[in-house]
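J.: I'll drop the sequence and a predicted model, then ask my questions.
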Amino acid sequence: MIRNNNEVSFHIAVDDKEAVQGIPLERNAWHCGDGGGNGNRKSIGVEICYSLSGGDRYYKAENNAAIIVAQLMRQYNIPISKVRTHQSWSGKYCPHRMLAEGRWNSFIERVQNAYNGGGNAGSTKPSNNGVGIVTITADVLRVRTGPGTNYDIVKKVYRGERYQSWGIQNGWYNVGGDQWVSGEYVRFEG
């Protein structure tokens with residue numbers, strides 16, 4: 001974030017494998033969307049990677065974030081009541097995927113479990129039989145004749161388009177007949 005003039009930054013980014021600190025925790029970060037408000041000035045910004053297209057990687061990153069937040073709570077004596085969304089500071093719809101899937105309370109429970117249990121956040125991946133709606137999150141996504149990249153391409157679909165899903169197999173959603181899309185590039189709503 002050196003020479004970043006966009007007023008966008010974070011303290012810690014967490015993915016499915018590790019956490020990376022972007023700037024020192026005692027510095028302000030521009031992550032909450034509240035300008036010079038307390039969200040940016042007095043809170044620690046933890047960003048969860050893969051929220052748009054990560055599939056299972058996102059849920060692993062979210063679990064890792066629960067562990068990191070619990071560690072920060074322990075280190076800085078932060079009560080669970082002070083763990084907040086960006087939205088609570090400014091109205092910025094973030095963490096958007098967690099909010100859209102209605103899992104903020106589940107995240108807080110996992111943070112508390114990690115805090116109490118010394119590191120294990122438990123499972124976060126929602127149960128899903130694949131029946132629901134998928135929204136395309138990639139700019140362009142190839143629809144295949146089966147659940148994998150080794151199957152023929154039927155057509156292309158585009159970001160924001162929504163389709164009925166009839167099931168899931170090997171991380172691929174069936175969007176009707178012999179039409180499958182990768183779970184890595186869709187948002188599922190059951």
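T.: The structure has been received and is ready for your questions.

J.: tell me where the protein has strands.
T.: 12-14, 19-21, 46-48, 131-136, 140-144, 153-158, 162-169, 172-174, 180-182, 186-189 (DSSP state E).

J.: tell me where the model's unsure across this protein.
T.: For the chain, residues meeting the criterion pLDDT under 70 lie at 1-8, 30-34, 38-41, 54, 118-128.

J.: spatially central residue in it, please.
T.: Ser51 (3.3 Å; Cα atoms, centre = their mean).

J.: and that residue, how close does it get to Leu99?
T.: 10 Å (Cβ to Cβ, to the nearest Å). Where C-beta positions appear, they are placed from N, C-alpha and C, glycine not excepted.

J.: again with Asn63
T.: 17 Å.

J.: so for the two, which residue has more residues nearby?
T.: Asn63 (22 against 15; other Cβ atoms under 10 Å).

J.: you'd agree that one is up against Arg110?
T.: Yes - here Asn63 lies in contact with Arg110, judged by Cβ atoms under 8 Å, at a distance of 6.7 Å.

J.: domains of this structure?
T.: 12-117, 131-189 (automatic domain parsing).

J.: and the longest helix anywhere in the chain, what does it pack onto?
T.: Determined from DSSP state H, the single longest helix within the chain is helix 56-76. Packed against helix 56-76 by the contact rule (3 or more Cβ pairs under 8 Å, 6 or more residues apart in numbering; DSSP states H and E) you find strand 12-14, strand 19-21, strand 46-48, helix 104-117.

J.: would you mind listing the buried residues in it?
T.: For helix 56-76, a neighbour-count test (16 or more other Cβ atoms under 10 Å) marks 58-73 as buried.

J.: nearest spatial neighbour of Ala100, chain-adjacent residues omitted?
T.: Arg187 (7.2 Å; Cβ to Cβ, 6 or more residues apart in numbering).

J.: so what's the residue nearest to Lys155 when sequence neighbours are not counted up against?
T.: Excluding its sequence neighbours, the residue lying closest to Lys155 (Cβ to Cβ, 6+ apart) is Val143, at 5.0 Å. Counting by Cβ atoms under 8 Å, 6 or more residues apart in numbering, Val143 makes contact with 153-157, 175, 179-181.
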